[in-house]
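Q: Can you look at this prediction? I've put the sequence above it.
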Amino acid sequence: MAIIDTRRDQMFPILKPEEIDRIRRFGDIAHARAGAVLAKAGEVSPGVMVVLEGGARVTRRDAMEETHLVAEHGPGAFIGELAQLSNRPSLVDVHALTDLEVLRIKPERLRAVLVAEAELGERIMRALILRRVGLLETGAGGPVIIGRAADGEVIRLSGFLGRNGHPYKHLDPDTVDCAKVLIERFSVDEAELPIVLCPGGQLLRHPSNAELARCIGMVGDLDPDRVYDVAVVGAGPAGLATAVYAASEGLSVLVLDTRAFGGQAGASARIENYLGFPTGVSGMALMARAYNQAQKFGANLAIPDEVASLDCDGDAKENGSLSGYHLKLVSGETTQAKTVVIASGARYRRLEVSNLDQFEGSSVHYWASPLEAKLCAGQEVALVGAGNSAGQAAVYLASQVAKVWLLIRGKSLDASMSRYLIDRIKSLPNIEIVTRNEIVELEGEDGQLRAIRHRDLDTGEEARREISHLFLFIGAAPNTTWLNECRVELDNHGFVRTGQDLAPGHPPLQTSRHGVFAIGDVRAGSVKRVAAAVGEGAQVVAAIHAYLAEPVTTA
């Protein structure tokens, strides 16, 4: 059943008069005539609106611009969802049914409500989250992707939106008639697919993730003159933990990530060894909670915004100034911060196979989410990797596909995977472990994988298997190339050195640059676990406070 059927009361709570009175100081009174537009999909709305008198109707539009009812609100109800928490464009249309009086609460004041009124704020926050979940279920308010399901570009765009918790619709012209109608309406040639229709009416052809994000208002322009207390590069567990703790303690925070929140943890189908979740939790669910929590405390999350370089011509304090460091973005923008936290994690390692790039996105995957599982449902798939991420992916895929061929270079999983995962893999009849093997060749055409060839490392014998989808979990290399200009000290493997690793008494988690810190997987010597990354995210905030409290000296 849809979430609106099972949790309607939590999605659409009615505030009591005394509760409304408690939050009046956070907003202002506004009036509208019957039929007036209060919010429009694709445009930034004025914030959350508590209905005092009259009624309002919330609707969504589909790809053919037909209107569907979402909810109707009367006195005591409030209008809004997660987009209004961070001043993002509305995903729905809202009209006044009658003459209307509302208490309008702007995003920055809404965050103040959530903090100052803990019990009431919890109810409001839960409703905002559940409403977003409801929109995700229907794809309401998001862009429409038109293209074939197996197209690597469609998979990329769908994955980008899905991992960022943004609703969207996908229409395949081979199976959905209205997709053909839209292609004809916009005079789109087959070679131009996929196209994307943004809620504001813009048409994009083969957009990049960044172009799509800007079209739907996920990111906006950064103020080059604003100096944040801390800029966090990377929105995985470590980066999001930093954002939550720093913002909750009153620091101004900017978080930048090139892809999506959650990092590698966000791609985990189920994390079962994270403290406090005895039945396990999906990586996306855990990271989405952290993402929303960071927004609640006022952190500015700019995703996707990729950092091209960090300007470290001079350490801020050594120059007798707290003007901070400059970060140059791939978009051409710049931003400033008094401190920088490197939480950029790692980039996935790729197979050393000559034609790998022909199949990436469509047939070769580095994530195992419901999107990928849908593509290969009922088929046999191959998965390469022997770590916990590989184990979690294998277990998840086994519930969706006919068989998982798990290829590893070692003699067993014992040295690299948690015991509970090994036991679970061995208990599943449709996972077969192939030890001491490596993939040597990929066969296929037009981006579609047809078969793999793998070789026994002991005997040299090769085997061929007809496989259309290959999953790679073979580790990752530190994501530090953007630090080249800054000359932050790295170890022999490219990980960032910090604290005692640099010199006795060197501040914990601080790099060779004053005010620049490193945490999580990118840090040399870190424990590659979600809990450890979260712990370092909390710890680095104490280090930032200590740094900011130090007296400024003149060079």
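A: Right, received. Where do you want to start?
Q: unless I'm mixing things up, Leu110 is touching Gly47, no?
A: Yes - taking contacts as C-beta atoms under 8 Å, Leu110 lies within contact range of Gly47: 6.2 Å. Where C-beta positions appear, they are placed from N, C-alpha and C, glycine not excepted.
Q: shared neighbours, the two?
A: Common neighbours of Leu110 and Gly47 are listed as Gly80, Gln84 (criterion: C-beta atoms under 8 Å, 6 or more residues apart in numbering).
Q: so how far is stretch 80-90 off the chain centroid?
A: 16 Å (C-alpha atoms, centre = their mean, to the nearest Å).
Q: Just the endpoints, please. Distance across it?
A: 8 Å (C-alpha to C-alpha, to the nearest Å).
Q: I would like the residues contacting it, please.
A: 39-45, 47-49, 91-92, 107, 110-111, 128-129, 131-132, 135, 141, 199-200, 216-218, 292, 295-296, 301.
Q: Please, a ChimeraX command that selects the buried ones among these?
A: Applying 16 or more other C-beta atoms under 10 Å to those, the buried members can be selected in ChimeraX as follows:
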select :39,40,41,42,44,45,47,48,49,91,92,107,110,111,128,129,131,132,135,141,199,216,217,218,292,295,296,301
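Q: Which members of the contacts of stretch 80-90 occur in strands, if any?
A: Among the contacts of stretch 80-90, the members falling in strands (DSSP state E) are Ala39, Val48, Met49, Leu301.
Q: Let me know the closest of those residues to Val230.
A: Of all the ones in strands among the contacts of stretch 80-90, Leu301 has the smallest distance to Val230: 13.0 Å, by C-beta to C-beta.
Q: mind checking how far the closest one is from Arg289?
A: According to C-beta to C-beta, to the nearest Å, Leu301 stands 14 Å off from Arg289.
Q: what does Glu18 give?
A: 30 Å.
Q: ok, the two, which is more surrounded?
A: Arg289 (14 against 7; other C-beta atoms under 10 Å).
Q: State the three-state secondary structure for that one.
A: Under the three-state scheme (DSSP: H, G, I helix; E, B strand; the rest coil), Arg289 adopts helix.
Q: Mind pulling the model confidence for it?
A: If you check Arg289, the pLDDT there is 96.
Q: Same question for Asn319.
A: 50.
Q: where's the residue of the chain positioned farthest from its centre, which helix or strand?
A: Taking C-alpha atoms, centre = their mean, the residue of the chain most remote from its mean C-alpha position is Thr459, at 43.2 Å. Under DSSP states H and E, no helix or strand contains Thr459.
Q: cool, and Ser309?
A: strand 307-311.
Q: could you pull out the helices for the stretch 251-400 of the chain?
A: 283-296, 370-375, 388-398 (DSSP state H, counting those that start in this stretch).
Q: ok so, going back, so which of the ones in strands among the contacts of stretch 80-90 is the closest to Ala179?
A: The shortest approach to Ala179 among the ones in strands among the contacts of stretch 80-90 belongs to Ala39, at 27.7 Å (C-beta to C-beta).
Q: Would you enumerate the residues in contact with that closest one?
A: Here Ala39 is in contact with Ser45, Pro46, Ile79, Ser90, Val92, Asp93, Val94 (C-beta under 8 Å, 6+ apart).
Q: hang on, the earlier thing: may I see the ones in strands among the contacts of stretch 80-90 organised as TSV, with distance to Asn164 and pLDDT added?
A: What follows is the ones in strands among the contacts of stretch 80-90, written out as TSV (distance: C-beta to C-beta, whole Å; pLDDT from 0 to 100):
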residue	distance to Asn164	pLDDT
Ala39	21	95
Val48	22	97
Met49	25	98
Leu301	10	96
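Q: Pick out the most distant pair among those residues.
A: Met49 and Leu301 (23.7 Å).
Q: next one: the strand holding Ser309 to chain centre, how far?
A: Here strand 307-311 is found 21 Å from its chain centre; the criterion is C-alpha atoms, centre = their mean.
Q: quick one on the thing from earlier: wait, which of the contacts of Ala39 is closest to Asn164?
A: Nearest member of those to Asn164, counting by C-beta to C-beta, is Ser90, at 16.9 Å.
Q: one step back: can I get the contacts of Ala39 in JSON lines with distance to Arg419?
A: As requested, the contacts of Ala39 are exported to JSON lines (distance: C-beta to C-beta, whole Å):
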{"residue": "Ser45", "distance to Arg419": "50"}
{"residue": "Pro46", "distance to Arg419": "54"}
{"residue": "Ile79", "distance to Arg419": "50"}
{"residue": "Ser90", "distance to Arg419": "48"}
{"residue": "Val92", "distance to Arg419": "47"}
{"residue": "Asp93", "distance to Arg419": "52"}
{"residue": "Val94", "distance to Arg419": "52"}
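Q: On the pLDDT front, check the residue farthest from the centre of the chain for me.
A: In this model, Thr459 carries a pLDDT of 97.
Q: again, but for the one 3 residues further on
A: What the model reports as pLDDT for Glu462 is 97.
Q: thinking it is in contact with Glu438, fair?
A: No - here Glu462 does not reach Glu438: they are 10.3 Å apart, not a contact under C-beta under 8 Å.
Q: Who has more neighbours out of the two?
A: Ranked by neighbour count (other C-beta under 10 Å), Glu462 and Glu438 place Glu438 first, with 17 against 12.
Q: Which secondary structure element is home to the more buried one?
A: Residue-wise, Glu438 maps onto strand 437-445 under DSSP H and E.
Q: In that strand, which of the residues would be classed as buried?
A: Asn437, Glu438, Ile439, Leu442, Gly444.
Q: Across the sheet, point out what pairs with the second one.
A: This means Glu438. Arg455 (DSSP bridges).
Q: change the start of the numbering to 374 and stick with it
A: Taking 374 as the first residue, the last one we looked at is Glu811.
Q: Contact partners for it?
A: Glu811 neighbours (C-beta under 8 Å, 6+ apart): Leu780, Arg782, His827, Arg828, Leu830.
Q: Tell me where the stretch 624-773 of the chain has strands.
A: Using DSSP state E, counting those that start in this stretch, the strands of the stretch 624-773 of the chain run over residues 626-629, 673-675, 680-684, 698-702, 707-715, 719-721, 737-738, 753-757.
Q: what's the burial count for Gln709?
A: Neighbour number of Gln709 under other C-beta under 10 Å is 21.
Q: From Ser625, how far off is it?
A: From Gln709 to Ser625 the distance is 11 Å (C-beta to C-beta).
Q: For the residue farthest from the centre of the chain, give its distance to Asn810.
A: 10 Å.
Q: Check Val726 too.
A: Look at Val726 and Asn810: by C-beta to C-beta, they are 14 Å apart.
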